[in-house]
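Novice: Provided below for reference: sequence and predicted model.
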Amino acid sequence: MSNPQSPPLTLMCPDPKIHADEIYDLTGKVFSGGNEYYWWQKYCREYYFGNSHYDWSASTIGLMDGHIVTHWGVWDYAMRVGTARVKCGGIGAVATDGRYRNRGLMTFTGNDNMTRMRACGYDISVLFGKHDFYHRYGYVRSWAGMHWSIGVAELPAEKPQAKPVLLESPPRGAFDRLYNRCHARLTGTAVRPTYRGSMLMWGNKHFAWPARGHSAGKDAGLDGYIICSFGGLDVNVIEFAGQTDQVLRALRVLADKNGCKKINFMCLHHDSDLCRRIRRLSCSCSTNYIRNGGEMVAMINLPTTMAKMTGELSRRLKNSELAAWRGDLLIEDQTGQALLKIDRGHVSVSKPAASKNAIRGGMHVVQLVIGTQDPFETVEAAGIKLSGQAKRLLPTLFPDQHPTLSQRDHF
């Protein structure tokens, strides 16, 4: 479809049979740095696009002069918000042909895609973007970047129940099952599978330990795993799953074997059992807040998002001092309204109607929904309006969730 107010740019969703190679070429020229162009082509075909959750029907390309000049990619996955699952569009490979830059073409492409995602049933969108760009499409900070480190001497010295074994061909199915089990209620994480290509694409080491009576190299029967790299005196942990004591003991074994003195965790979830454990030891955490860039989130459809969260909202209420509360609460942002009907711990969504209890705001309301930070801090910073009993309900319904997405699921 063409926008009558735009340059002669034709916007559409890409067809994998027609446009795949041209998308790989465009994004390779933009992102590969020249020397890695051919590696990028292989990466796109075997992993990033070809064996992934890339959504051809929800992504947008812009065509001029007979070829693709813009691309806005969408990776489809289910994102956890507590026990809820929402349809999330991960945005990546946003690129403009160098010969067509500074014409505003990406503005039309991005705006088209926000509409396209809603039509394709998306609830929320997440990206990791450059500074001072994506706010124009409704994106705000999703979470702060947190990097945790702990000295090897802090880890338990006891031997693990099973020795971590280096795998030459990691069993993706077993890894994904373990990951889902260990991250079942951690907000911001993706429900696996996401990428389906070779797990060795990035060159990290994959260690695992088997359940009793199984081999670590088989597709079933794993008790835990660690994906990491070694650099100097550091172990850099990309991801892990398994019982916390065993993971920490396995890390101690790997660190000692490789002469390392410090463990660094990439994208470690603040609310994970392991993070809770190391916070009781001596560790360090650096937190990186970016005003307009980096980790960002946008609401695509507030009504559908709230409908999918009713079970989680009910759980939060039932476990609070407001378990007996009855009434309704209107929530409003730039994408729509949702009326929550609350009856003694049971939450449902009804057709929007006037309510004396209301949360009204713009694009920052999504930060309340995913629990970006303390809810009152969000309200104050974004100028969100609370009326009636909304102030009382706010911290119970929308607490700080410390959302985080594993590095292995980034797009």
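Specialist: The structure has been received and is ready for your questions.
Novice: low-confidence ranges in the stretch 1-150 of the chain?
Specialist: For the stretch 1-150 of the chain, applying pLDDT under 70 flags the ranges 1-7.
Novice: Strands along that one, start to end?
Specialist: In the stretch 1-150 of the chain, the strands defined using DSSP state E, counting those that start in this stretch lie at 10-12, 60-64, 67-81, 84-96, 124-129, 140-141, 145-151.
Novice: Quickly run through the sheet partners of the shortest one, with directions.
Specialist: The one in question is strand 140-141. Partners of strand 140-141 in the sheet, by DSSP bridges, are strand 294-299 (antiparallel).
Novice: Please identify the buried residues of the partner strand?
Specialist: Neighbour-count burial for strand 294-299 flags Gly294, Glu295, Met296, Val297, Ala298, Met299 (criterion: 16 or more other C-beta atoms under 10 Å). The C-beta positions use only the backbone N, C-alpha and C, and glycine is treated the same way.
Novice: export those residues to CSV and tack on distance to Pro156 and pLDDT?
Specialist: Converted to CSV, these look like this (distance: C-beta to C-beta, whole Å; pLDDT from 0 to 100):
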residue, distance to Pro156, pLDDT
Gly294, 34, 97
Glu295, 32, 98
Met296, 38, 98
Val297, 36, 98
Ala298, 42, 98
Met299, 43, 99
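Novice: Against Ala95, how distant is Lys130?
Specialist: To Ala95, Lys130 is 12 Å away according to C-beta to C-beta, to the nearest Å.
Novice: Between those two, which is the more surrounded one?
Specialist: Shown here are Lys130 and Ala95; by other C-beta atoms under 10 Å, Ala95 has more neighbours (22 against 11).
Novice: Which residue is the nearest non-sequential neighbour of that one?
Specialist: Nearest residue to Ala95 in three dimensions, chain neighbours excluded: Val30, at 4.1 Å (C-beta to C-beta, 6 or more residues apart in numbering).
Novice: for Arg185, what are its contacts?
Specialist: Arg80, Gly82, Thr83 (C-beta atoms under 8 Å, 6 or more residues apart in numbering).
Novice: which non-adjacent residue is nearest the second one?
Specialist: With C-beta to C-beta, 6+ apart as the measure, Glu312 is the residue that lies nearest to Gly82, at 4.2 Å, once sequence neighbours are left out.
Novice: ditto for Pro193
Specialist: Nearest one to Pro193, counting by C-beta to C-beta, 6+ apart, is Asp176 at 5.2 Å.
Novice: so what does the helix or strand harbouring that neighbour touch, helix or strand wise?
Specialist: Using DSSP states H and E, Asp176 falls within helix 172-182. Where contact means 3 or more C-beta pairs under 8 Å, 6 or more residues apart in numbering; DSSP states H and E, helix 172-182 is packed against strand 222-231, strand 234-242.
Novice: ok so, going back, scan the contacts of Arg185 and report the most crowded one.
Specialist: With neighbours defined as other C-beta under 10 Å, the most crowded of the contacts of Arg185 is Arg80; it has 24 neighbours.
Novice: Show the pLDDT at Gly173.
Specialist: At Gly173, the pLDDT value in this model is 94.
Novice: And it, how far from Tyr195?
Specialist: Remark: distance between Gly173 and Tyr195 (C-beta to C-beta) = 13 Å.
Novice: Which of those two has more residues huddled nearby?
Specialist: Tyr195 (23 against 14).
Novice: Next one: that one from Asn51, what distance?
Specialist: 7 Å.
Novice: cool, and Ala390?
Specialist: Computed as C-beta to C-beta, the Ala390 to Asn51 distance reads 45 Å.
Novice: Ramachandran angles for the residue located most distally from the centre of the chain?
Specialist: Distance from the C-alpha centroid of the chain, by C-alpha atoms, centre = their mean, peaks at Asp65 (35.7 Å). Dihedral angles of Asp65 (phi, psi; degrees, to the nearest 10) stand at phi 50, psi 30.
Novice: Is Tyr225 bridged to anything, and to what?
Specialist: Beta-bridge pairing of Tyr225 under DSSP bridges involves Ala208, Ala241.
Novice: And it, how far from Asn288?
Specialist: Taking C-beta to C-beta, one finds Tyr225 at 27 Å from Asn288.
Novice: More neighbours: these two, which one.
Specialist: Legend: neighbour count by other C-beta under 10 Å for Tyr225 and Asn288, higher for Tyr225 (25 against 10).
Novice: State the pLDDT value of the more buried one.
Specialist: Confidence at Tyr225, expressed as pLDDT, is 98.
Novice: could the strands of the stretch 1-150 of the chain go into JSON lines alongside distance to Asp343?
Specialist: Converted to JSON lines, these look like this (distance: least, C-beta to C-beta, whole Å):
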{"stretch": "strand 10-12", "distance to Asp343": "45"}
{"stretch": "strand 60-64", "distance to Asp343": "42"}
{"stretch": "strand 67-81", "distance to Asp343": "22"}
{"stretch": "strand 84-96", "distance to Asp343": "19"}
{"stretch": "strand 124-129", "distance to Asp343": "26"}
{"stretch": "strand 140-141", "distance to Asp343": "32"}
{"stretch": "strand 145-151", "distance to Asp343": "38"}
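Novice: among those, which is nearest Met306?
Specialist: strand 84-96 (9.7 Å; C-beta to C-beta).
Novice: Sheet partners, orientation included, of that closest one?
Specialist: In its sheet, and by DSSP bridges, strand 84-96 pairs with strand 67-81 (antiparallel), strand 124-129 (parallel).
Novice: Okay, Phe230 and Lys257: tell me how far apart.
Specialist: Using C-beta to C-beta, we find Phe230 at a distance of 10 Å from Lys257.
Novice: which of those two has more neighbours?
Specialist: Phe230 (16 against 10).
Novice: quick one, what contacts the more buried one?
Specialist: Counted by C-beta under 8 Å, 6+ apart, Phe230 has contacts Lys205, Asn236, Asn258, Cys260.
Novice: Recalculate using a threshold of 6 Å.
Specialist: Counting by C-beta atoms under 6 Å, 6 or more residues apart in numbering, Phe230 makes contact with Asn258.
Novice: swap in Ile263?
Specialist: So Ile263 contacts Ile150, Val235, Leu251 (C-beta under 6 Å, 6+ apart).
Novice: same thing but 10 Å
Specialist: The contact partners of Ile263, by C-beta atoms under 10 Å, 6 or more residues apart in numbering, come to 148-152, 154-155, 228, 234-237, 248, 251-252, 254-255, 278, 283.
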